[in-house]
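Chemist: next come a sequence and a model predicted from it.
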Amino acid sequence: MKRVLVTGSSRGIGKVVADVLRAEGYAVVTHSAKSGGTDLVFDVADRDAAKKAIDADIAANGPYYAVVLNAGVCRDCGFAEMDGEAWDDVVRTDLDGFYNVVKPCLMPMVLGRIRGRIVAVSSASGVSGNRGQVNYAAAKAGLVGAVKSLAVEVAARGITVNAIAPGFIDAGMSAAMDAEAAESARKSIPMQRFGRPEEVASLVSYLLSDGAAYLTRQVVSLNGGLY
Ligand code: NDP
């Protein structure tokens, strides 16, 4: 059975992605920051903790076929009011998390001659920018650069590396928006609705499928026509 690590799969989009992949027959390894009944528990911003937990899981159960980097946080506010902590929290979690999680996963994948998949969950904000999200957009845009570069380095081994850039999804952080902001966001979307987490899962599932073996170094947007 193909093993897939989905970070941040205790709730929100990651939980739905994990459930869908499990239903499709993958052996899903779930993860969260706090013990939420997940297989692995570590802070993705903590490099040593991430390496320790991932090394132990791989040593006990074997390398991953795929890694879905979904764990993320946002700390939205205007740049004028943004304190250093709000910048650091988001960049350390959403961008440094890429290095901290992918690094220990990659060599076991390569040495196992697995034609694997790495999928980073970026955001529409990382592609187009967004008011109140200078920190988040910077981290999510950083992921795009990391993905596009790593894709080139591992392409000859048949490993694909892509980012997905969801717009407003009806789960997790977007579900926390106040009603007025949500309605204004909905009106700005050509499809006039938020995406469903199942629609994100369906895209991840495609990227993990045999049919997507030639799709690499890309950012796939999923946003109801937002841009
Ligand atoms: P949620 O806030 O619902 O869930 C976040 C998940 O990430 C949780 O499982 C949480 O674990 C985990 N997590 C957060 N911080 C850390 C950390 N430091 N270390 C380890 N795990 C952590 O988020 P969403 O489902 O809304 O978002 C999932 C991803 O999708 C994020 O990367 C987000 O940026 C991206 N995204 C979301 C959109 C949306 O509209 N919802 C739109 C575009 C992108 P725990 O339960 O332990 O806190």
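Modeler: Received, thanks.
Chemist: top helix in this structure by residue count?
Modeler: Counting by DSSP state H, the longest helix found in the chain is helix 134-154.
Chemist: where does Val220 sit, in terms of helix or strand?
Modeler: Using DSSP states H and E, Val220 sits in strand 219-222.
Chemist: returning to that earlier point: what comes up buried for the longest helix of the chain?
Modeler: For helix 134-154, burial by neighbour count (16 or more other Cβ atoms under 10 Å) applies to 134-144, 146-148, 150-151, 154. For glycine as for every other residue, the C-beta is placed from the backbone atoms N, C-alpha and C.
Chemist: just stretch 57-70 next, same as before
Modeler: Judged by neighbour count (16+ other Cβ under 10 Å), stretch 57-70 contains these buried residues: Asp57, Ile58, Pro63, Tyr64, Tyr65, Ala66, Val67, Val68, Leu69, Asn70.
Chemist: quick check, Ala165 in a strand?
Modeler: Yes: Ala165 forms part of a strand when assessed by DSSP: H, G, I helix; E, B strand; the rest coil.
Chemist: what about it, neighbour count?
Modeler: A total of 24 residues lie near Ala165 under the criterion other Cβ atoms under 10 Å.
Chemist: OK, contacts around it?
Modeler: Ser122, Ser123, Ala124, Gly126, Val127, Lys140, Val144, Val219, Val220, Ser221, Leu222, Asn223 (Cβ atoms under 8 Å, 6 or more residues apart in numbering).
Chemist: can you check Arg113 too?
Modeler: The contact partners of Arg113, taken as Cβ under 8 Å, 6+ apart, are Arg157.
Chemist: looking at the contacts of Ala165, which is nearest Asp19?
Modeler: Leu222 (18.0 Å; Cβ to Cβ).
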